[in-house]
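Engineer: turn this into a model:
(chains A and B)
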Amino acid sequence: MGSGSLDKGYEPSGIEEKWYAYWLDNGFFKAEDKSDKPAFSIVIPPPNVTGVLHMGHALNNVIQDIMCRYKRLLGYNVLWMPGTDHAGIATQNVVERDLAAKGQTRDQLGREAFIQQVWKWREKSGGAIIHQLKRLGASCDWERERFTMDEGLSDAVRKVFVRLYKEGLIYEGQYIINWCPRCKTALADLEVEHEEKDAYLYYIRYPFVNKKQGLTVATTRPETLFGDTAVAVNPHDERFKDLEETHVMLPLTDRAIPIIRDEYVDTQFGTGALKVTPAHDPNDFNLGEKHGLEKLKVIDDDGLMLDGAGRFKGLDRFECRQQALEALKELKLLVKQEPLKHSVGHCYRCKTVVEPSISKQWFVKVAPLAKEASDAVRSGKTRIIPETWSKTYFEWMDNIRDWCISRQIWWGHRIPVWKCPACNEVMVEETDPTCCPACGSTEIAQEPDVLDTWFSSALWPFSTMGWPNDTDLLKTFYPTNVLVTGFDILFFWVARMMMMGIHFMDEVPFNDVYIHALVRDEHGKKMSKSVGNVIDPLKVIDEHGADAFRFTLAVFAAQGRDVKMSESRVEGYRHFVNKLWNASRFALMHITPKDVTIEHKKLSLSEKWILSRCAHTSLAVKDGIETYRFNEAASALYQFVWHEFCDWFLETAKPSLYEKEGVQRRDCARSVLSKVLEDILIMLHPFVPFVTEEIYSILPTTNGSILSATYPYNEQAYETLRDETVEKDMEFVFGLISGIRNIRSEMNIQLSMRIKVLAYTTDEKEKIIIAENKSMIVNLASLESFYFCDADNIPSSCASSVIGDTTCFVSLEGVIDFDKEIRRIEKELEKNTKELLAVQKRLNNESFLEKAPEDVIQKVNSQYVDLEEKNNKLKENLNRIKIMK
RNA sequence: GGGCGAUUAACUCAGUUGGGAGAGUGCAACCCUUACAAGGUUGAAGUCGCAGGUUCAAGCCCUGCAUCGCCCA
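Structural biologist: Coordinates of the predicted model:
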C-alpha cells in the first residue's frame, strides 16, 4: 500500500479510529444474503440497551470477533449479527429513576406517555454500548443491527405467542410466583437470586382451641402467620401419634385452623410442626392444593399487610414481623428464637427481597419444548463446549418448571390477549381484534401485562434474520455456527433459544455453544461496583490500546476457568504489540517493493527454519481457534513472534540484510523476511486487528486491506515448508551459541571483548552444520574467531560447553578463573548426572522394558546415550581444567 | 441438602489420548550490540493441596480428606 516509516513506539490512539472508520466505509464487515462462498454466522448476545461495556462483554465479543475475522481470512461469507435487548425491567427502572429525579412517577404520566418516554430515553442514551463495542474492534455487520422491540422482532414475538397459545403451550393461571414489591411485577424462578442471610428461627406456640397447650411451629417469617390456613405434621412422627386435637388457634387472630397430616413435613426441622401458608410459600402452596386449603393472601403488591393481619393491616411486611413478634412475646406465645443462616430470594434487577405470592399470571408449558431441546444436545446436533456444561444443561432441562412470562410493567411486548368483560371471551390472534367474536361487544380490553424480556431474546437467532418471512438470510445463515456466551445466561437465554429455535424453525439455532468463563478481578473476586474492584474496559483501551487488551483476553480465555484480569498483564501484552511494531520497523528498513520470490534451494538454514516454524505456527493457530482454545492460539503466536522470529531469526538475518554476504544472500533474506512478517500479521490479525492493519498498510509488498488477505495455512504450503530436520539442526546451532553465551555471562566477559572459540567434534553431520553456519555463530556469540580443532590440540586455559557431540572451547587466555570454571562444570555435571541416573533407572527396570511401547523405550534409550555422552565429555573437561589449575 | 470446578515457581496462570515440569510478570547479574531499555543476554526459583490406590510409568486416571469458589434447591 506504499512505503513509509514508523514511529519508534506504537501509539494506538488515532490509528484505531482511523482503521475502524476505514473498515466501515469499505463495507468489510458486511455479510452477503446470498453467496457462493461458504457461510459462517454468529448472533451477538444482545447487550441490554441500558448497558455499559464491562469485562464480560469485552471477553465475549473479542472471542466472537476473533472467530469472525479468522473466517473472513479463510474466505467465508461471515455474518455477525449485532443488536440490543430492550431489557424490560432494567430499562423501565432506569427511566423511572430519571422521572423520580424530576419528582414524577410513571403512574402520573400514564402508560402511553411513559412508553414514549422510554423510547426517547433509548434514542438519547440507549445503545451507548454499541459504540463501546466498536472501540473493541468488533466487526459486526452494523447495518443489520436489530433491537428486540423493533417492528420485525415484535411481529415474530406476536406470531410465536399466538402459535404457542393455540397449541396449548401458553396458559393463564393462578399460581404462586415470585413477586418483587419494588418493581411491582412477577418474576420467573430464574430471576430470583438466592443469598445466604443471618436470620432467626422463631418458635411460636399455636394453642389448641380453649386450651393452654398447643403445637409449636418454627418459622423464619412470622409475619406470614396471618395467612396460615393449617398446621401440618408428619403422620409417622411419634410426637404427634396420640394427638387428639384437630385444630389450633392462630395467634393474634380469632381463627381456628386445622391440623393436617402429610409426609412432606420434615420431622428433623424445628419442632416437626409446620405452619402452612399457601398464599406465600411455594411448598405450602402445593400442600394447600393437595389438602384443599384456603389460600389467604395477607401481603399486597407493595409489600404491605392486608386485612387478614388484623390490627397490623397496612404495615410493611418487615415492620409487621417485628411488631407481631412483640405481640407474641407479650402473650407468651414466642417460645424461643435461635440464629439461623438461611437463603433469601432477591430480585435480580433491584435486589429487593422477593415475596412468594399467589397471583394470576401467564405461563409457558415448557416440558415438551425442553425435551426436544435436551435431545438435540444429547444427540450431538448442538455441541456444548466445554462439554461439562451439558450436564448442567440437562439437569435444568430435565427438571424444568413452567415459565412465568407475564410482567406487570409497561416496557416490553404487550401480551396479545384481549378479553371481553361481557362474556369472558378470550381473544388471541395475530391481528388486533375490534370486537368480541362471541357477543359482538366492542368493549374488549387488551391484557395490561407485558412479556418477560427473555421471551423475545429466545427468538433472537431467527427473528433477527427476518422470520417469520422466509428470507435469503435465514437460508444462508440459519442455523448459526456458534453461540458464544457466559454460563450465567445458559438457562435464561441459551436453553430458551434452543427450545424456540427447534419448535419454530425445525432446526437447532446453533451447531456449537461455546461457554466462556467469567471475568474476575486479579484476586478472583467478582467485579462489583460496591466492592470497588471493577476494571473499566474502556479505560484499559485508552491506556494500553484495544489490541493489547484483546490479546490479553485471548491469552486468558482458557476453557473452563475464570479469567482473572489485571492491568499489569495488559501492560505486558502491550509490550508485545510494541515488539511487533518495532520488528516491523526494522523489516521496513530492508523490504523493498520489488516482487521477491523465495527460491528454496538458495535459503540459509535459519531462513528454512523460520519458514518451517511459521508453517507450524499457522497450523497451531488454526487448530487453536477452531477448537475454541484461543489461549493456545494466542500463546503460539506470542512465542513464535517474540522468541523465534525476533530473538533468533532477525538476528541471524542481519548480516545478510546489511549486505555483508552479497546481493543474492540479501535478496533471499529480504524475501523470507517479508513473507514471514506478512504471515505473522495475517495470523495475528484476528487477535490484534488494528496494529496489524496499520503495519500491513505500510508494507511495500502488500496490496489493500489485511481484511482481504488469505490466512497462510494450507496443506500444500505446510508440506512444503515444514521441515523437522531443519528445525533440529537449527536447535543444535542455537545450543552452541547459548553455550558460548553462558560462558561469557558466567565468566563476566564483556560483550566488547571478542573471544576465540574452537570446536571439537567427531560427528560429521555436526561438523557440516557448524561449517555452513559459522558466520551465524560468530555473529550471534560475538566471536573473534571460530575454528575446528583436533583431539590433540585442544587449547589450554579455556572454558568448555558441550552440545550434542560437539564441545566448544572458549579461549580465556589470561582471564580464566579456574575455580569458577570448575564450579560451573561441576554444577552442570551434577544436573546431567541426575538426569542420567533417572533414565538409567528406567532402563534397568525389567517391567518397563517388557511392558512399555517400543517407541517409548527407543526414545529413552537414545536419551540415555546422549546423556551418557555428555556426561563423559563434561568429566573430561572437568579433569582437564583441574589439571591446568 | 444436591451438583460442578479449583488447588502447579514469589504473583497470575498454561499443561488435549498417562511417557524426561512450562509461560508471562516479578527477582538477580551483566549490557544503551545501528528494530525495540515497552529492549537484549544469562541465571536463580516448584515434595504439581494432603493421604492412599491403579500402572513398567501419575501434575494428568480412581478413592478419601482439607481449603476456596460457583450453580441449583
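Engineer: what about the closest residue to RNA strand B within the stretch 301-450 of chain A, neighbour count?
Structural biologist: Of all residues in the stretch 301-450 of chain A, the one sitting closest to RNA strand B is residue A:343 (4.1 Å; Cβ to the nearest atom of the strand). The way it works is simple: take the backbone N, C-alpha and C, and place the C-beta from them, glycine included. Residues lying near residue A:343 (other Cβ atoms under 10 Å) number 10.
Engineer: surely it meets residue A:196?
Structural biologist: Yes. Counting by Cβ atoms under 8 Å, residue A:343 touches residue A:196, with 5.6 Å between them.
Engineer: thinking again about what came up before, so the residue of the stretch 301-450 of chain A closest to RNA strand B, which state does it fall into?
Structural biologist: Classification of residue A:343 using DSSP: H, G, I helix; E, B strand; the rest coil returns strand.
Engineer: now do it, the pLDDT please.
Structural biologist: pLDDT for residue A:343: 76.
Engineer: same check on residue A:403?
Structural biologist: For residue A:403, pLDDT reads 87.
Engineer: please name the bridge partners of residue A:427.
Structural biologist: Under the criterion DSSP bridges, residue A:427 forms beta bridges with residue A:418.
Engineer: which SS class is the residue nearest to residue A:139 when sequence neighbours are not counted?
Structural biologist: Excluding its sequence neighbours, the residue lying closest to residue A:139 (Cβ to Cβ, 6 or more residues apart in numbering) is residue A:29, at 4.6 Å. Going by three-state DSSP, the secondary structure assigned to residue A:29 is coil.
Engineer: on that earlier part again, how about the residue of the stretch 301-450 of chain A closest to RNA strand B, what does it touch?
Structural biologist: A:194, A:195, A:196, A:197 (Cβ atoms under 8 Å, 6 or more residues apart in numbering).
Engineer: one more time with 6 Å, if that's ok
Structural biologist: Residue A:343 is in contact with A:194, A:196, counting by Cβ atoms under 6 Å, 6 or more residues apart in numbering.
Engineer: ok, it to residue A:315 distance?
Structural biologist: 25 Å (Cβ to Cβ, to the nearest Å).
Engineer: need the helices for the stretch 301-450 of chain A, in chain order.
Structural biologist: A:317-330, A:367-378, A:388-398 (DSSP state H, counting those that start in this stretch).
Engineer: so what pairs up with the closest residue in space to residue A:361 that isn't next to it in sequence in the strands?
Structural biologist: In this structure, residue A:361 finds its nearest non-sequential neighbour in residue A:406, 4.7 Å apart by Cβ to Cβ, 6+ apart. Beta-bridge pairing of residue A:406 under DSSP bridges involves residue A:451.
Engineer: my guess is residue A:406 meets residue A:448, correct?
Structural biologist: No. Using Cβ atoms under 6 Å, residue A:406 is not in contact with residue A:448, being 9.4 Å away.
Engineer: and those two? which has more neighbours close in?
Structural biologist: residue A:406 (25 against 12).
Engineer: contact partners for that one?
Structural biologist: By Cβ under 6 Å, 6+ apart, the contact set of residue A:406 is A:361, A:362, A:449.
Engineer: same question for residue A:405.
Structural biologist: Shown in contact with residue A:405 (Cβ under 6 Å, 6+ apart): A:362, A:364, A:451, A:452, A:455.
Engineer: now do residue A:590
Structural biologist: Counting by Cβ under 6 Å, 6+ apart, residue A:590 has contacts A:657, A:670.
Engineer: tell me which element it is part of?
Structural biologist: Counting by DSSP states H and E, no helix or strand carries residue A:590.
Engineer: the lengthiest strand in chain A pairs with which strands, and in what direction?
Structural biologist: What stands out as the longest strand in chain A, according to DSSP state E, is strand A:192-207. Here strand A:192-207 has these sheet partners by DSSP bridges: strand A:214-219 (antiparallel), strand A:334-347 (antiparallel).
Engineer: comparing the ones you listed by mean pLDDT, which bottoms out?
Structural biologist: The minimum mean pLDDT among those belongs to strand A:334-347 (a mean of 81).
Engineer: so which bits of the longest strand of chain A are buried?
Structural biologist: A:192, A:202, A:203, A:204, A:205, A:206, A:207 (16 or more other Cβ atoms under 10 Å).
Engineer: what does stretch A:715-723 give?
Structural biologist: Buried residues in stretch A:715-723 (16+ other Cβ under 10 Å): A:718, A:721, A:722, A:723.
Engineer: now mean pLDDT too, for the helices of the stretch 301-450 of chain A, in CSV please.
Structural biologist: As requested, the helices of the stretch 301-450 of chain A are arranged in CSV below (pLDDT from 0 to 100):
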stretch, mean pLDDT
helix A:317-330, 88
helix A:367-378, 89
helix A:388-398, 83
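Engineer: columns distance to RNA strand B and mean neighbour count on top of those, output as JSON lines?
Structural biologist: Output for the helices of the stretch 301-450 of chain A, formatted as JSON lines (distance: least, Cβ to the nearest atom of the strand, whole Å; neighbours: other Cβ atoms under 10 Å):
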{"stretch": "helix A:317-330", "distance to RNA strand B": "21", "mean neighbour count": "17"}
{"stretch": "helix A:367-378", "distance to RNA strand B": "14", "mean neighbour count": "18"}
{"stretch": "helix A:388-398", "distance to RNA strand B": "5", "mean neighbour count": "16"}
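Engineer: would you turn the ones you listed into a markdown table with distance to residue A:105?
Structural biologist: Below are the helices of the stretch 301-450 of chain A laid out as a markdown table (distance: least, Cβ to Cβ, whole Å):
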| stretch | distance to residue A:105 |
| --- | --- |
| helix A:317-330 | 22 |
| helix A:367-378 | 38 |
| helix A:388-398 | 38 |
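Engineer: which one of those helices lies nearest to residue A:428?
Structural biologist: Set against residue A:428 and scored by Cβ to Cβ, these come closest in helix A:367-378, at 18.3 Å.
Engineer: figure out how far that closest one is from the centre of its chain.
Structural biologist: Chain-centre distance of helix A:367-378: 25 Å, with Cα atoms, centre = their mean, to the nearest Å.
Engineer: ok so, going back, out of the buried residues of strand A:192-207, which is nearest to RNA strand B?
Structural biologist: residue A:192 (7.1 Å).
Engineer: tally of neighbours for the closest residue to the closest one other than its chain neighbours?
Structural biologist: Using Cβ to Cβ, 6+ apart and skipping residues adjacent in sequence, the residue nearest residue A:192 is residue A:345, 4.2 Å away. Residues within reach of residue A:345, counting by other Cβ under 10 Å, total 19.
Engineer: ok, residue A:746 next?
Structural biologist: Neighbours of residue A:746 using other Cβ under 10 Å come to 15.
Engineer: what about the residue of the stretch 751-885 of chain A found nearest RNA strand B, how many residues nearby?
Structural biologist: Residue of the stretch 751-885 of chain A nearest RNA strand B, by Cβ to the nearest atom of the strand: residue A:847 (3.1 Å). Residues near residue A:847, counting by other Cβ under 10 Å, number 7.
Engineer: likewise for the one 3 residues further on?
Structural biologist: Using other Cβ under 10 Å as the criterion, residue A:850 is surrounded by 8 other residues.
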